[in-house]
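Peer 1: Test case, fold it:
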Amino acid sequence: MNKHRLIIVEDDFDIATMLQIYFGSLGYEADLAPRGLEALEKTRQKMPHLIVLDIMLPDIDGYEVCRCLRTQTRTSHIPIIFLTQKDERSDKLQGLELGADDYVTKPFDIEELRLRVQNAIARSERERLTDPRTNLPTGRLIEEQLRQIIRKEGWAMLDIRLNHFEPFKEAYGFVASDDVLRFTGMLIGEVLDELGSVNDFIGHIGGDNFMVITEEENSIEIRHRLTTRFNDEVLTYYSFKDRQQGYIRLSGDKVPEMKSPLMDLSVGVVSPNEYQFADIREITELAAEARRLDKV
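Peer 2: Residues are numbered from 1 along each chain as shown. I've put the predicted structure just below:
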């Protein structure tokens, strides 16, 4: 089972450490952020499955952290549970109006907090809001983004596919292949941080297939940087022998030995500057066709 990643935003060292140890003992990957701006930076670097967020922080308050997360396309889907000493109805309503998923008041029952965290993550995955391996939006969230842009101008969609992913999974196993998917999601985020904008969107369509919505003027450079970096950096997931020979050997009891190339990326790009789209299905179909042609 993949570890669920939490960011605990709490400036009280004792409470933060206790929560980190407790959730770590349950199999979570719990990262600490004592300040609001640090929490935003850690969220940008590596997407969490959920954020436990104190309201009273030394720099910006939890309300402002929540507002920033909810107004940025790439982080708007992350479940947030407020953790605070405040117990006023108006404070709770303010947090919920900003898009928080739940609210726990100090002093809290740690078992109750555990259940609220567990339920919020399960609800997100059950509704297919995110892929559990990469924690990137999938399904309905991707469709919502496509519906928002279809009548607009100036955007581009990138359809991204990991070529030769299935042979890699067969040779190296599910754990290694999930690591490659997480690496790919993080790499896309790093490239968009460098070349894109805060309004860019990353989705995990499923399996070895990702997508990006960005500004059209940035799309070609993003495509080039993605393919170059992936093709170089994915080599670290192969053994020295496979890197040296440039392929992996696959064999079975009833099939002849075959060679599979190492993984690389195909990226197709479409924009309203080139096409007129009648519905979101046309966007995805044309992007997929452009991606298939990328390897011809």
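Peer 1: So which residues make contact with the lengthiest strand in the chain?
Peer 2: Longest strand in the chain, counting residues (DSSP state E): strand 155-163. Residues outside strand 155-163 that contact it (CB atoms under 8 Å, 6 or more residues apart in numbering): 146, 149, 180-181, 184, 188, 208-216, 218-219, 222-223, 226, 230, 261, 263-272, 283-284, 287-288, 290-291, 295. Glycine gets a C-beta too; all of them are placed from N, C-alpha and C.
Peer 1: All the strands of the stretch 151-296 of the chain, residue numbers only.
Peer 2: Per DSSP state E, counting those that start in this stretch, the stretch 151-296 of the chain carries strands over the ranges 155-163, 201-206, 209-215, 247-250, 258-261, 264-270.
Peer 1: partner strands of the first one, parallel or antiparallel?
Peer 2: Okay, so that is strand 155-163. Sheet pairing of strand 155-163 (DSSP bridges) gives strand 209-215 (antiparallel), strand 264-270 (antiparallel).
Peer 1: can you pull the buried residues of stretch 159-170?
Peer 2: Within stretch 159-170, the residues that qualify as buried are D159, I160, R161, L162, N163, F165, P167, F168, K169, counting by 16 or more other CB atoms under 10 Å.
Peer 1: could you dump that stretch to CSV, C-alpha only?
Peer 2: Coordinates of each C-alpha in stretch 159-170 appear next as CSV, following Å, rounded to 0.1, in the frame of the first residue of the first chain:
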residue,chain,number,x,y,z
ASP,A,159,-1.0,14.8,-23.4
ILE,A,160,2.0,13.0,-21.8
ARG,A,161,2.7,9.3,-22.0
LEU,A,162,5.5,7.2,-20.6
ASN,A,163,6.6,4.9,-23.4
HIS,A,164,7.7,1.3,-22.5
PHE,A,165,6.2,1.6,-19.0
GLU,A,166,4.5,-1.8,-18.9
PRO,A,167,7.7,-3.7,-19.7
PHE,A,168,9.5,-1.8,-17.0
LYS,A,169,6.7,-2.7,-14.5
GLU,A,170,7.0,-6.4,-15.6
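Peer 1: And the chain, split by domain according to the record?
Peer 2: 5-126, 139-293 (automatic domain parsing).
Peer 1: what's the least confident stretch among those domains?
Peer 2: With a mean of 88, domain 5-126 has the lowest mean pLDDT of the domains of the chain.
Peer 1: what about that domain, start to end distance?
Peer 2: This stretch, domain 5-126, spans 17 Å end to end (CA to CA, to the nearest Å).
Peer 1: Would you mind getting the angle between the longest strand of the chain and strand 201-206?
Peer 2: Per axes from the mean of the first three to the mean of the last three CA atoms, to 10 degrees, the angle that strand 155-163 makes with strand 201-206 is 40 degrees.
Peer 1: Just the buried residues out of the contacts of strand 155-163, in ChimeraX syntax.
Peer 2: In ChimeraX syntax, the buried subset of these is picked out as below (16+ other CB under 10 Å):
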select :146,149,180,181,184,188,208,210,211,212,213,214,215,216,218,219,222,223,226,230,263,265,266,267,268,269,270,271,272,283,284,287,288,290,291
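Peer 1: in this structure, which spans are helices?
Peer 2: 13-25, 36-45, 62-71, 89-97, 110-126, 139-149, 165-172, 174-195, 216-233, 240-245, 280-293 (DSSP state H).
Peer 1: For the nearest residue to V65 once chain neighbours are set aside, list the residues it contacts.
Peer 2: Leaving out its chain neighbours, the residue that sits closest to V65 by CB to CB, 6 or more residues apart in numbering is G36, at 4.3 Å. Neighbour list for G36: V9, L57, D59, I60, D61, G62, E64, V65 [criterion: CB under 8 Å, 6+ apart].
Peer 1: measure G36 to H4 for me?
Peer 2: The gap separating G36 from H4 is 22 Å, by CB to CB, to the nearest Å.
Peer 1: try A287
Peer 2: As judged by CB to CB, A287 and H4 stand 30 Å apart.
Peer 1: before we move on, back to that, can you add distance to S251 and give the strands paired with strand 155-163 back as CSV?
Peer 2: As requested, the strands paired with strand 155-163 are exported to CSV (distance: least, CB to CB, whole Å):
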stretch, distance to S251
strand 209-215, 27
strand 264-270, 23
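Peer 1: how about the spatially most central residue of the chain, what does it touch?
Peer 2: Nearest to the mean C-alpha position of the chain, by CA atoms, centre = their mean, lies L136 at 3.0 Å. Shown in contact with L136 (CB under 8 Å, 6+ apart): M47, T130, G185, I202, G203, H204, F210.
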